[in-house]
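Undergrad: Structure for this input, please:
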Amino acid sequence: MKKLFIDIETYNGKTDLRTRGLYRYAEDAEITLVGYAIDDGPAKVWDVTLDTSVPADLFDLAYRHEKDTYQIIAHNAAFERTVFGHQKSEGIYKILANQDSWHCTMAQALAHGLPGGLPYLSDIFKLPSDKAKDPEGRLLVNLFCKPRDGKRASRSAHPAEWEKFREYCRRDVEAERALYLKLPAWNCSQSELDIVNLDYEINSRGFRVDVELAEAAVAIVKKEKQTRDNKAFELTGGRVTSGTQRDRMLEHILKEYGVALPDMAESTLTRRIEDPDLPTAVKELIALRLASAGTSAKKYQALLDSVSSDGRLRGTLQYCGASRTGRWTGRIFQPQNLPRPSFGNDEIDAGIKAIKAGSAEYIYDDVTAMASSALRGVIVAPEGKKLAVADLASIEGRVLAWLAGEDWKVKAYADFDNGAGYDMYTRTYARIVNKDPAEVTKKERQLGKVLELALGYGGGVGAFSTFADAYHIDLSELAADMPQYAMADRHNAKELWDKAVERGETCGLEMKTYIACDCVKRMWRRANPATCGFWADVENAALSAINDAGANSCRKWGKLEFSRVEKNWLRILLPSGRYLCYAGAKSDGGKIRYLGSDTYTRRWGYLSTYGGKLAENIVQAVSRDILAHGMVKAEAEGFRAVLSIHDELITEVPDDGKYSSGRLSQLMSSAPSWAEGLPLAAAGFEAERYRKD
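TA: Model prediction:
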């Protein structure tokens, strides 16, 4: 099969790509340069601004070869394919856009735990200087791809720079081809390529946006913000003019009221505002800060900025956005990070009507809270269709128990799915305190939930206290139960506290609370011995594979296989056949180090990992593979996916009985052949408007 390497440059005088997204950008984009190379032939540039006639070799490939007898390779292929598809004239652009055999080297890189940017990859793979991404290219892109001071820089006005721009485009093609030959292809199986293609289809399909709701929400939140800013000005005598001015507010509260707040994180403020001894004025300022910190207005505006002319928002998912695990992340309005509603669904429905009618400010004390709760409702079904939604239940907990061999949990999940027994949060609490599950209270079940969410990957006091705070667990009540904890646990927890004090790592907790948190952690670990063993086993298997003197080492553990291949890649073969990949893996003083992108700096360099983190990566990767399997099955049966949010799939289907959330749930929870014995369950709903069920 012939290979066409391609890279285009565009101009758009109306729409900014970064702020409005690819699909909105593509509607107004004009192609100026087409860089291409066929197989190992020379890289060329078709200057469309100079001659619109298709070059002979490109014409021959596109018009004389049958569809899909050649492969089109591009870095971030969605850009080229989408822009080609939006060109108004028929011809070669539409022919290329409609090819099914596109291959994206960015997706290939991301699938192997590498960064997606071509400059980073050029550096990582040490491409020859004539084939690396031109570092001066950004200056040329800024000159020729968007207006400057409202004017367009032309080829005739800047002939020397234009020639550099053409060369920049040609060298991009060279870099893409060189990279294609160097990238690992372990995760380029046909099944994974099918998921890449499905990802493109979902992003191209997009979902219908209730534009009227988004516009009304932006207007009412903006008005509410001005009211809050005026209140902040009034309360502080003009020292603070906006609830978003963190440092000024912290300084004012300390200076005027002697109250020292460590930060203005939501968890900190939520906890302090309940303090009965806090001055009323400080509580008012904290309330203003909490209301001002919401992101709903920005998310609504991002929707409006990027929605296509047909009222659909596209391009909201990033394939393999979560490094290594392969999980999707969000783009544009970040659907994976939607705020938790503070109202029930019926209240939200009424609130949406009030927002659209312009009367919400007369009904609700906190309009911003209602707008935030209504954000999911901006995703709607078009006329004649409905949304069918299904969510995998406790998928990470199930996968962890299945991989680790925590048999009591696997059985408990299966029993609950079959209508027998109690849910895992109830079972967990009952097991650690040796109590009949029938006697577990709602509050105790909530503690069981926090234990499950916080401790499955080796988490300690810090993880537990963070989750406890998020789920409103009163840690002072936990500390009050101290006499119930085993004497040995209290003794060991006290020793851990002393060490934490020396290191200054007490998680902001008092001694009694810290000890209580550590005690319940120890109780949970005793109840989950196989899971605790799993953390150590995967770390030992990884270290053993890394340290093996052979060129290609392999260690099997349970349903996983650990191997080190040339150039020090650590690979973990998952049950699905996909690999978790860690570049440059090595053992450093008994600790595992690998090359990756730092979460905070985004720089490529050495990072460290350990058993609990490896376990988390593995579990999340397998959970992603379960979700992807369900997505493919659902799509094959006519459930057209428009978005996935964590473990939930949102589909747009005809409004009839054939397409039900029940059937979608069955498809989503149908275990693939490689997951024998893994209990799966899903549940969902059907609606005209998306909501949190």
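Undergrad: and the gap between the residue of the chain positioned farthest from its centre and residue 49?
TA: With CA atoms, centre = their mean as the measure, the chain has its most outlying C-alpha, relative to the mean C-alpha position, at residue 156: 44.0 Å. Residue 156 sits 9 Å away from residue 49, going by CB to CB, to the nearest Å. For the C-beta atoms, the positions are set from N, CA and C on the backbone; glycine is no exception.
Undergrad: what does residue 381 give?
TA: Applying CB to CB to residue 381 and residue 49 gives a distance of 43 Å.
Undergrad: Looking at the two, which is more packed in?
TA: Shown here are residue 381 and residue 49; by other CB atoms under 10 Å, residue 381 has more neighbours (23 against 16).
Undergrad: Make sure that one is actually in contact with residue 387.
TA: Yes. Checked against CB atoms under 8 Å, the pair residue 381 and residue 387 is within contact range at 4.9 Å.
Undergrad: okay, and the common contacts of the two?
TA: Among the neighbours of residue 381, those also in contact with residue 387 (CB atoms under 8 Å, 6 or more residues apart in numbering) are 652, 687, 688, 689.
Undergrad: list the contacts for the spatially most central residue of the chain?
TA: The residue lying closest to the centre of the chain (CA atoms, centre = their mean) is residue 329, at 2.4 Å. By CB under 8 Å, 6+ apart, residue 329 lies in contact with 317, 318, 321, 322, 336.
Undergrad: now those residues: which count as buried?
TA: For the contacts of residue 329, a burial check counting by 16 or more other CB atoms under 10 Å picks out 317, 318, 321, 322, 336.
Undergrad: Would you mind measuring from the second one to residue 466?
TA: With distances defined as CB to CB, the gap from residue 318 to residue 466 amounts to 26 Å.
Undergrad: Could you give the number of residues near residue 423?
TA: There are 16 residues near residue 423, going by other CB under 10 Å.
Undergrad: my guess is it meets residue 416, correct?
TA: Yes. With contact defined as CB under 8 Å, residue 423 counts as touching residue 416 (5.6 Å).
Undergrad: where does the stretch 551-693 of the chain dip in pLDDT?
TA: Applying pLDDT under 70 to the stretch 551-693 of the chain picks out residues 551-553.
Undergrad: all strands of it, in order?
TA: Assigned by DSSP state E, counting those that start in this stretch, the strands in the stretch 551-693 of the chain fall at 553-557, 560-565, 569-573, 579-588, 591-597, 604-609, 640-645, 648-654, 682-687.
Undergrad: Distance to residue 210 and mean neighbour count added to these, as TSV?
TA: Shown next, in TSV, are the strands of the stretch 551-693 of the chain (distance: least, CB to CB, whole Å; neighbours: other CB atoms under 10 Å):
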stretch	distance to residue 210	mean neighbour count
strand 553-557	49	16
strand 560-565	45	21
strand 569-573	43	22
strand 579-588	39	19
strand 591-597	36	18
strand 604-609	41	15
strand 640-645	14	22
strand 648-654	14	23
strand 682-687	13	20
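Undergrad: Which among those strands is found nearest to residue 86?
TA: strand 640-645 (19.4 Å; CB to CB).
Undergrad: Pairing partners for that closest one, with directions?
TA: strand 648-654 (antiparallel) (DSSP bridges).
Undergrad: Tell me what angle the partner strand forms with strand 682-687.
TA: For strand 648-654 against strand 682-687, the angle by axes from the mean of the first three to the mean of the last three CA atoms, to 10 degrees is 40 degrees.
Undergrad: Can you name the residues in contact with strand 648-654?
TA: 205, 207-208, 379, 381-382, 384-392, 627, 630-631, 634, 638-644, 659, 664, 668, 684, 690.
Undergrad: For the closest residue to residue 570 other than its chain neighbours, which residues are in contact?
TA: Among residues not flanking residue 570 along the chain, residue 585 sits closest, at 3.5 Å (CB to CB, 6 or more residues apart in numbering). When contacts are counted by CB under 8 Å, 6+ apart, residue 585 touches 542, 546, 564, 568, 569, 570, 592, 593, 594.
Undergrad: now do residue 22
TA: 78, 79, 82, 314, 315 are the contacts of residue 22 under CB under 8 Å, 6+ apart.
Undergrad: so how far is residue 15 from it?
TA: Distance from residue 22 to residue 15, by CB to CB: 10 Å.
Undergrad: Look up the closest residue to residue 611, ignoring the ones flanking it.
TA: That would be residue 539: by CB to CB, 6+ apart, it lies 3.3 Å from residue 611.
Undergrad: Distance from the chain centre to the helix or strand containing the one you found, please.
TA: When secondary structure is defined by DSSP states H and E, residue 539 falls within helix 529-547. Centroid separation for helix 529-547 versus its chain: 27 Å, with CA atoms, centre = their mean, to the nearest Å.
Undergrad: Tell me which other helices or strands that helix touches.
TA: Secondary-structure packing of helix 529-547 (3 or more CB pairs under 8 Å, 6 or more residues apart in numbering; DSSP states H and E): helix 395-404, strand 553-557, strand 560-565, strand 569-573, strand 579-588, strand 591-597, helix 611-636.
Undergrad: Return the set of buried residues in the last one.
TA: Read that as helix 611-636. Buried, per 16+ other CB under 10 Å, within helix 611-636: 611-635.
Undergrad: Would you check that residue 466 makes contact with residue 454?
TA: Yes. Between residue 466 and residue 454 there is a contact under CB under 8 Å: 7.2 Å.
Undergrad: and those two? which has more neighbours close in?
TA: Per other CB under 10 Å, whichever of residue 466 and residue 454 has more neighbours is residue 454, with 24 against 16.
Undergrad: Tell me where the stretch 351-500 of the chain has helices.
TA: For the stretch 351-500 of the chain, applying DSSP state H, counting those that start in this stretch gives helices covering 360-363, 367-373, 395-404, 407-417, 424-433, 442-455, 461-470, 475-480, 487-503.
Undergrad: List the contacts of the third one.
TA: Same thing as helix 395-404. Looking at what lies outside helix 395-404 - CB under 8 Å, 6+ apart - the contacts are 406, 409-410, 413, 424, 452, 456, 530-531, 533-534, 558-560, 615, 618-620, 622-623, 626-627, 647, 675, 677-680.
Undergrad: again with the fifth one
TA: When contacts are taken as CB under 8 Å, 6+ apart, the neighbours of helix 424-433 outside the stretch itself are 394, 397, 408-409, 412-413, 416, 421-422, 435-437, 439-440, 444-449, 451-452, 484, 520, 523-524, 526-527.
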